[in-house]
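*Asks:* would you be able to build a 3D model of this:
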Amino acid sequence: MEWEPVVGLEVHAELRTRSKMFCGCAVVDSTVAEPNTSTCPVCLGMPGSLPVINERAVDLALLVALALGCRVEPVSVFARKNYFYPDLPKGYQISQYELPLAVEGSLRIEAGGETRPIRVRRVHLEEDTGKLSHEEKPARSLVDLNRAGVPLLEIVSEPDMHSVEEVKAYATALRRLLCYLDVNSGDMEKGVIRFEANISLRPKGTSELGTRVEVKNLNSFRALTRSMEYELDRQAAVLEKGGSIRQETLGWDENAGRTYSQRSKEEAHDYRYFPEPDLPPLEASAERIARIRAALPELPEAVRERLVSKLGLNRYDAEVILAEKETVDYFDEVIRTSGAPARAAATWLGGDLFGLLKMRSIPLMGEGGKPALPAREFGLLVKMIADGKINGPTGKMLLAEMLDTGKSADALVAERGLQQIGDADTLRAAVRAVIAENPGQVDQYRNGKTTVIQWLLGQVMKTTGGRANPQTVRRLLEEELSDPAKG
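*Replies:* Sure, this is the predicted structure:
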C-alpha cells in the first residue's frame, strides 16, 4: 500500500527581548553564562511572587502574527499549563490556550517545483523552561534556570505538509521570516528555535487522519529531516505488518539515528489548563495593531520579487542572497554605494566572496555588524570588472587580497599595475607572437581540434601577465587562426 505522510509543525522561537516574559531578569546566553545567575523569585516560582507581562515581547509577537497574515484577537488570555518536570520551577508553565494571541494565518513555501501556502493555526505567547543537562560520571542531572521565563513564541501549523521536503521548506521559510523581522537570532545551535513535528501516515488517496506521534525538541534542520525520515519508515513498517501506531511523545537520538519513546501523548485535559489568575486579559487595540503593522519590514517574498523582477537576478542568485537578512542588507548596500551591476554583484557575492569566506571560516558580518569586506569596496571591485578595467582572474586574485590586507581594489591595481589591456592593436601583436611560437597547436586547431584555442588563449594571458581582456584575445585568435595566410 502507498502511504501519504501528514505532518504539522509546532515551532518555539525565543523572542529577542532584554528581559524575561514575566519578570525583570535579563535574558542571557545560556550557552556561556554561569548557570542560575539570571533568576529571581518570579521566574523561580517562589510563593507570593507576581508576574508582569513584557510589553516588548507582545509587540514582537504581534509583528510575527501580522507578517503571517493572522487574525489578531482583540483579547487573549494567559493560562496555566500544569505539569511536573525538573526544568519547570513553578510546576506549571504560563502559556495561552483557549484564547491565543492570533489565529488563521499562512506561510507560502516552495517545494517540489510548486509554491503553495501552509496554514498557520495559531500564534501565542508563553514562557520558556529551564535547561537540563545529564552527566555520566558522576551520574547526575543538572538544571540551569537562566532560560526559565524567557519569552517564547509558539507557532502551530495545520497538518498541511505531506513530505520531508515540504516540512523542511516550511521550517526554513519560518526561520527566515523570524530573522527578517529581527524577533529571533535564528541561531539554532543555541536552541533559540526548536521544532516539534506531529507525524502520521494514511493510505494515499484518503482524507482520514492517522494516529499521530509527536517528536519533541528538534533544534536543527538535520534533526528535523532525519527524525521525520526515520519515523515515516518506522510507521510504514508497522502498518504494513498489520500493526497500529501508538499515540505517544518521542525523542530523537541523533547519534543512534532513531526516535525513542518518552511518554504517552498528552491531551489538553491532561494539562488542566485554567486562566492565569495573576495576569489580566491581554488586549490588542486597533491603534496598537496599526502601529505594529506600519513597522513591518520588507518581507522575504517581497525581497524575492524585487531581486528577480526589478534587479534582473536569476532565481538561484536571488535565493542565495535571500537566505539571510544580513546578506540582503549587504547586497543592497553594495548596489547603493558602488553602482555595480546587480547581476554581476550577485554572482560575485554568492560565488567568489562566499567561497573565500567559507575557506577562511569568516562570517560575512562580524562583531557589531562589521562586514568582512566593506560593501562599497566589494562593489567597486565588481564594477571594475564589469567596466573592463580588470579581467575576471585578476578580480578573483584581488578579492582574496582585499580580504587578507584590507586594501581597496583601486589601491591594489595601482600598486601592481594590473589595469586590463583591452587595446586590440596591442593585443594583436601578442596573439600573433603566440601563434608564431606554437605551429603545432595552430595546425591542431585548423585540423578541427578547436578546443586548443583555450590553450593558446592561456599563453597570451601568460605573456601579458594576466592583464589581457580574455574576450578580446579570443576574438583576435579566432580572426588570426581563420586566415591560413597568417599562420
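*Asks:* now the helices: where do they sit in the stretch 101-250 of the chain?
*Replies:* 164-180, 221-240 (DSSP state H, counting those that start in this stretch).
*Asks:* now for residue 367, how many residues are close by?
*Replies:* Residues near residue 367, counting by other C-beta atoms under 10 Å, number 6. Heads up, the C-betas are built off the backbone N, CA and C, glycines and all.
*Asks:* likewise for residue 59?
*Replies:* 16.
*Asks:* any chance of the helices of the stretch 101-250 of the chain in a markdown table, with mean pLDDT, distance to residue 104 and mean neighbour count too?
*Replies:* Shown next, in a markdown table, are the helices of the stretch 101-250 of the chain (pLDDT from 0 to 100; distance: least, C-beta to C-beta, whole Å; neighbours: other C-beta atoms under 10 Å):
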| stretch | mean pLDDT | distance to residue 104 | mean neighbour count |
| --- | --- | --- | --- |
| helix 164-180 | 96 | 16 | 21 |
| helix 221-240 | 95 | 25 | 17 |
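*Asks:* rebuild these as JSON lines, extending it with distance to residue 63.
*Replies:* What follows is the helices of the stretch 101-250 of the chain, written out as JSON lines (distance: least, C-beta to C-beta, whole Å):
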{"stretch": "helix 164-180", "distance to residue 63": "10"}
{"stretch": "helix 221-240", "distance to residue 63": "24"}
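*Asks:* out of those helices, which comes closest to residue 50?
*Replies:* Nearest to residue 50, of all those, is helix 164-180, at 30.1 Å by C-beta to C-beta.
*Asks:* can you tell me the closest non-neighbouring residue to residue 89?
*Replies:* residue 45 (4.2 Å; C-beta to C-beta, 6 or more residues apart in numbering).
*Asks:* measure residue 169 to residue 4 for me?
*Replies:* 17 Å (C-beta to C-beta, to the nearest Å).
*Asks:* alpha carbons of stretch 199-213, in CSV - could you do that?
*Replies:* The C-alpha trace of stretch 199-213 is given here as CSV (Å, rounded to 0.1, in the frame of the first residue of the first chain):
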residue,chain,number,x,y,z
ILE,A,199,3.7,12.9,12.2
SER,A,200,1.2,10.4,10.9
LEU,A,201,0.5,8.2,7.8
ARG,A,202,-2.7,7.5,6.0
PRO,A,203,-3.4,5.4,2.9
LYS,A,204,-2.8,7.5,-0.2
GLY,A,205,-6.0,9.0,-1.6
THR,A,206,-7.9,9.0,1.7
SER,A,207,-8.7,12.0,3.8
GLU,A,208,-9.0,10.5,7.3
LEU,A,209,-6.0,11.3,9.6
GLY,A,210,-4.0,8.5,11.0
THR,A,211,-2.7,8.2,14.6
ARG,A,212,0.0,10.8,15.2
VAL,A,213,3.1,10.9,17.2
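*Asks:* coming back round to it: for residue 410, find the nearest of the helices of the stretch 101-250 of the chain.
*Replies:* Residue 410 sits nearest to helix 164-180 of all those, at 34.0 Å, using C-beta to C-beta.
*Asks:* give me the helices and strands touching that closest one, please.
*Replies:* Counting contacts by 3 or more C-beta pairs under 8 Å, 6 or more residues apart in numbering; DSSP states H and E, helix 164-180 packs against strand 3-14, helix 55-67, strand 102-111, strand 193-203, helix 221-240, helix 300-305, helix 325-338.
*Asks:* where in the stretch 1-150 of the chain is pLDDT low?
*Replies:* Applying pLDDT under 70 to the stretch 1-150 of the chain flags no residue at all.
*Asks:* show me where it has its strands.
*Replies:* Assigned by DSSP state E, counting those that start in this stretch, the stretch 1-150 of the chain shows strands spanning 3-14, 71-72, 75-76, 78-82, 92-96, 102-111, 114-127, 131-135, 140-144.
*Asks:* for residue 387, which of these is the nearest?
*Replies:* Residue 387 lies closest, by C-beta to C-beta, to one member of the strands of the stretch 1-150 of the chain: strand 102-111, at 35.5 Å.
*Asks:* so the closest one versus strand 114-127, what angle?
*Replies:* Calculated by axes from the mean of the first three to the mean of the last three C-alpha atoms, to 10 degrees, strand 102-111 forms an angle of 140 degrees with strand 114-127.
*Asks:* now do strand 102-111 against strand 92-96, angle only.
*Replies:* Angle, strand 102-111 to strand 92-96, by the same axes, to 10 degrees: 80 degrees.
*Asks:* partners of strand 102-111, with directions?
*Replies:* Here strand 102-111 is paired, per DSSP bridges, with strand 71-72 (antiparallel), strand 114-127 (antiparallel).
*Asks:* and that strand, what's buried?
*Replies:* For strand 102-111, a neighbour-count test (16 or more other C-beta atoms under 10 Å) marks 102-103, 105-107, 109-111 as buried.
*Asks:* and the helices and strands packed on helix 164-180 as a markdown table, adding distance to residue 449?
*Replies:* Formatted as a markdown table, the helices and strands packed on helix 164-180 follow (distance: least, C-beta to C-beta, whole Å):
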| stretch | distance to residue 449 |
| --- | --- |
| strand 3-14 | 54 |
| helix 55-67 | 59 |
| strand 102-111 | 44 |
| strand 193-203 | 56 |
| helix 221-240 | 48 |
| helix 300-305 | 45 |
| helix 325-338 | 42 |
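*Asks:* let me see the domain layout of this structure.
*Replies:* Split into domains by automatic domain parsing, the chain comes to 3-288, 298-416, 424-486.
*Asks:* quick check: mean pLDDT of the shortest one?
*Replies:* In this model, domain 424-486 has an average pLDDT of 82.
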